[in-house]
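S.K.: Fold the following for me, if possible:
(chains A and B)
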Amino acid sequence: AQSVTQLDSHVSVSEGTPVLLRCNYSSSYSPSLFWYVQHPNKGLQLLLKYTSAATLVKGINGFEAEFKKSETSFHLTKPSAHMSDAAEYFCVVSSYSSASKIIFGSGTRLSIRP
Amino acid sequence: DTEVTQTPKHLVMGMTNKKSLKCEQHMGHRAMYWYKQKAKKPPELMFVYSYEKLSINESVPSRFSPECPNSSLLNLHLHALQPEDSALYLCASSRTGGLAGEDTQYFGPGTRLTVL
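M.R.: Alright, predicted model coming up:
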């Protein structure tokens, strides 16, 4: 069985400060993990994905995430927030046991203060 | 080209209307998906087509009828919808619908559906 938990429903940071969006997962098999971003009234855009290669994954727009198996975590970080980062972020898990289905976290809304 | 296109962008329909949503991709992907997303919620999977065959139907009411005419095109036919069906409908595609959990799903911009 798989599940994914996003620990914060809303995160607010000041522009120029670091961003941390937290995600924990549960998977019986070796998981693939993704972060997607969704701007208001838009579709989802892939930020980055982990597929059992390097544990530190770099994505677009300066985001990165670290896969920590011992902590079953895949937290998303960015060193310096920009106003354009304000959006909804979804952590997603899939595995070879559920090929066509991916499990979404409940989402974290990121707000950026000027 | 990593684009999934969806038409129309917005749709308003009455409960007795019949309408269709369209999704297209030209990435050679063999799996295509329909999701429903309510406000402030994650997307919910509705249907999966793998190699043009319906492989997953998440107990969706029959007023939603998917169709995959070819490997690039996915339709969602709507009939006798209810106001609670108002949502953002997202289409996605991935390289394969087989045993490849690491496949990335590429999402379209969605169709905003309002049922009056």
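
S.K.: so what's the closest residue to B:Ile56 other than its chain neighbours bridging to?
M.R.: Using C-beta to C-beta, 6 or more residues apart in numbering or on different chains and skipping residues adjacent in sequence, the residue nearest B:Ile56 is B:Val48, 3.8 Å away. Heads up, the C-betas are built off the backbone N, CA and C, glycines and all. Each beta-bridge partner of B:Val48 is listed here: B:Tyr33, B:Ile56, as defined by DSSP bridges.

S.K.: mind checking the SS state of residue 84?
M.R.: No chain in the question, so chain A it is. Three-state call for A:Ser84 (DSSP: H, G, I helix; E, B strand; the rest coil): helix.

S.K.: wrong one, I was asking about chain B
M.R.: helix.

S.K.: what pLDDT does the residue nearest to B:Ile56 get?
M.R.: Reported pLDDT at B:Val48 in the predicted model: 90.

S.K.: surely it meets A:Lys101?
M.R.: Yes: taking contacts as C-beta atoms under 8 Å, B:Val48 lies within contact range of A:Lys101: 7.4 Å.

S.K.: Please enumerate the shared neighbours of these two.
M.R.: With contacts defined as C-beta atoms under 8 Å, 6 or more residues apart in numbering or on different chains, the residues shared by B:Val48 and A:Lys101 are B:Ile56.

S.K.: mind checking how far the nearest residue to B:Asp103 once chain neighbours are set aside is from A:Lys68?
M.R.: Of all residues beyond its chain neighbours, the one nearest B:Asp103 is B:Ser94 (4.2 Å), with distances taken as C-beta to C-beta, 6+ apart. Counting by C-beta to C-beta, to the nearest Å, the gap from B:Ser94 to A:Lys68 is 26 Å.

S.K.: which one of these two has more residues nearby?
M.R.: For B:Ser94 against A:Lys68, the residue with the higher neighbour count under other C-beta atoms under 10 Å in any protein chain shown is B:Ser94, and the figures read 25 against 12.

S.K.: contacting residues for that one?
M.R.: B:29, B:31, B:33, B:100, B:103-106.

S.K.: Tell me the bridge partners for A:Val13.
M.R.: Beta-bridge partners for A:Val13, by DSSP bridges, are A:Ile112.

S.K.: how deep is it tucked in, by neighbour count?
M.R.: Burial measure for A:Val13: 18 neighbouring residues, criterion other C-beta under 10 Å.
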